[in-house]
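Asks: task: produce atomic coordinates for the following.
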Amino acid sequence: MAINLQKGQTIDLRKNDKGESVYDLSQVTIGLGWDVRQKQSGFLGKLFGGKEEEYDLDAIAFLLDSNGKVANLGRTVQAQNGRQVGLYEGDVIFFNSLRHPSGHIWLTGDNRTGAGDGDDEQIIVKLNQLDQRYQKILFVVSIYQGRQNNQHFGMVENAFIRAVDARGKEIAKYSLSGDATMNGKCSMVFSEVYRHNGEWKFRAIGEPHNTDNFVDILKNYTYQ
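Replies: Residues are numbered from 1 along each chain as shown. Got it, this is the predicted structure:
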């Protein structure tokens, strides 16, 4: 049975709620999901079928070394539209660099609306094959252009992050719904997975930030 985590709670990823080692960590899916709080529409909105606002929440993973830092910030490349894209093929997994050079962690794609049930975005990691130099993976969620569009986590409902093992068994889930304390917060350090005495631990964090740019959070985890 999956464990429902509280903020700050830590569990052993391999063990269930009875302390039994039952989960296959050869490949773990970190799934993220969310719903947008429905606005109360007036008579005209109902009459003309007002369009629901779209939210683009992005999942990001920082691979951290034993000092809690991102050692490889990748390189800058030119995208097809001519724009310069940084952090490419480094130790940050995000929408412009979906797969780590090792091939052991990747983002499945960018869901721009959060529509539908289940995971809206997934980061998949082969924990057993991850190089020893990576001691921790930090999972961040940011609302793309949240400041510009006046969108924040106070408007998001049923947000969650969960860990699922290689056989599709849900290991743990941390749920978080927006309230007044989340107003104006456009990013969230959601959780972390880290090594401890040869095992992998999962910790629910739920730390909100004002910025809608994950790079502002990344600055706290770099050597520069």
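
Asks: what's downstream of the worst-scoring helix or strand of the chain on mean pLDDT, the next helix or strand?
Replies: None of the helices or strands of the chain scores lower by mean pLDDT, DSSP states H and E than helix 43-48, at a mean of 50. Beyond helix 43-48 in the direction of the C-terminus, DSSP states H and E gives the next helix or strand as strand 57-64.

Asks: can you give the contact residues for that following strand?
Replies: Contact with strand 57-64 is made by 30, 32, 34, 70, 91-95, 100, 105, 107, 110-111, 114, 120-123, 125, 134-144, 156, 214, 218, 221, as judged by C-beta atoms under 8 Å, 6 or more residues apart in numbering. To be clear about C-beta, it is placed using only N, CA and C from the backbone, and glycine gets the same treatment.

Asks: next one: stretch 127-139
Replies: Stretch 127-139 has contacts (C-beta under 8 Å, 6+ apart) with 13, 25-28, 30, 32, 59-66, 68, 71, 91, 102, 104-105, 123, 125, 161, 189-195, 200, 221.

Asks: now do the strands in the chain.
Replies: Assigned by DSSP state E, the chain shows strands spanning 3-5, 10-12, 28-36, 57-64, 75-78, 84-88, 92-93, 105-107, 121-125, 136-143, 156-164, 170-176, 187-196, 199-209.

Asks: for N149, which of those is the nearest?
Replies: If you check each of the strands of the chain against N149 by C-beta to C-beta, strand 136-143 wins as the nearest, at 8.0 Å.

Asks: got the angle for the closest one vs strand 199-209?
Replies: With axes from the mean of the first three to the mean of the last three C-alpha atoms, to 10 degrees defining the directions, strand 136-143 sits at 30 degrees from strand 199-209.

Asks: begin at 430, not 1, for the rest of this chat.
Replies: From this message on, residue numbering opens at 430, which makes the last subject strand 565-572.

Asks: what residues of strand 565-572 count as buried?
Replies: Within strand 565-572, the residues that count as buried by 16 or more other C-beta atoms under 10 Å are 565-572.

Asks: any idea which of the strands of the chain gets closest to N579?
Replies: Comparing the strands of the chain by C-beta to C-beta, strand 565-572 comes nearest, at 10.3 Å.
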